[in-house]
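K.L.:
Here is my input, please return the structure:
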Amino acid sequence: MWITNPRIMLMGAVPALLVAVVYLGGFILLASNLDGLSTAITPFAADWGESARAVARGVASVALLAAAVLLVVYTFAAITLAIGSPFYERISRRVEERLGGIAAPVELPFWTSVVRGVGDGVRVLLTAAGVGLLLFACGFIPVIGQTVVPVLGACAGGWFLALELTGFAFEARGITGAQKRRMLRADRATTLGFGVANYLLFLIPFAAVVVMPAAVAGGTMLARSAAGDAGPVERREGAVEDAVGG
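P.N.:
Next up is the predicted model:
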């Protein structure tokens, strides 16, 4: 898509760049106030010895940064898709056209589509926030927090990304909510492979700006496969593209 449709992909990169810049500003603000924040959330360490107090506040600083990273990865796709909805819908439709189209596309009024998209996004965000907080808390468990929890975090984040990135294609088929989740769970390995690949790429600073439009294209292919619209050749090609995040 980047080679054959660079113009539409560049338009899709603009919302991702804007959101990335806002998040970067948030990180700079967090970093500049990290000492004060770590002190504020560790009042119990005020009377400790200097070394113990320094360790406690150091752990608090790392925890704040880790929480910020989780927040970015878990919310970036939802916010970017909401802001750049017209661009990403065009990318999804272009992929659909190239792969044979949809038998009976559902055309929703603009505002109905916006409200439904925002509603789905809010539900995913709330669920993702709950899971993220739980995993963040588990991250303080010795050994498990440094080995198992990051893997679970990538799987959970990948699943939520897959839900977000397939939204346009599923909505065009009139498929939302529980039915969409059920279809994606039917091929859990492919869904997680696609989602986790994007999750890991989103951890690379500003990589999401380039990856986001391609991820929407890959999400469309994943939705086509899950809905049974993909033919044998498209399934084989889609498996390769999904493995690299679209």
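K.L.:
how close does the residue positioned nearest the centre of the chain get to residue 200?
P.N.:
In the chain, the centroid-proximal residue (Cα atoms, centre = their mean) is residue 161; its distance is 3.7 Å. Counting by Cβ to Cβ, to the nearest Å, the gap between residue 161 and residue 200 amounts to 10 Å. Yep, even glycine has a C-beta here, placed from its N, CA and C like the rest.
K.L.:
Ok, residue 34 next?
P.N.:
Here residue 34 is placed at a distance of 25 Å from residue 200 (Cβ to Cβ).
K.L.:
Could you do residue 217 as well?
P.N.:
Note on residue 217: its distance to residue 200, by Cβ to Cβ, is 18 Å.
K.L.:
Those two - which one has more neighbours?
P.N.:
Between residue 217 and residue 200, residue 217 has the larger neighbour count (other Cβ atoms under 10 Å), namely 26 against 15.
K.L.:
isn't that one right up against residue 95?
P.N.:
Yes: at 4.9 Å, residue 217 counts as touching residue 95 under the criterion of Cβ atoms under 8 Å.
K.L.:
okay, and the common contacts of these two?
P.N.:
When Cβ atoms under 8 Å, 6 or more residues apart in numbering defines a contact, the residues bordering residue 217 and residue 95 alike are residue 1.
K.L.:
where does the protein dip in pLDDT?
P.N.:
By pLDDT under 70, the weakly predicted segments of the chain are 104, 107-121, 123-125, 139-140, 230-246.
K.L.:
ranges for the strands of it?
P.N.:
Applying DSSP state E to the chain gives no strands.
K.L.:
Just the buried positions in stretch 201-214, please.
P.N.:
The neighbour-count check on stretch 201-214 (16 or more other Cβ atoms under 10 Å) flags 201-202, 207-214 as buried.
K.L.:
same question, stretch 4-21
P.N.:
Buried residues in stretch 4-21 (16+ other Cβ under 10 Å): 5, 8-9, 11-13, 15-17, 19-20.
K.L.:
How about stretch 39-56?
P.N.:
Within stretch 39-56, the residues scored as buried using 16+ other Cβ under 10 Å are 39, 42, 45, 53, 56.
K.L.:
Please convert these to TSV, extending it with distance to residue 138.
P.N.:
Output for those, formatted as TSV (distance: Cβ to Cβ, whole Å):
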residue	distance to residue 138
39	25
42	20
45	22
53	25
56	19
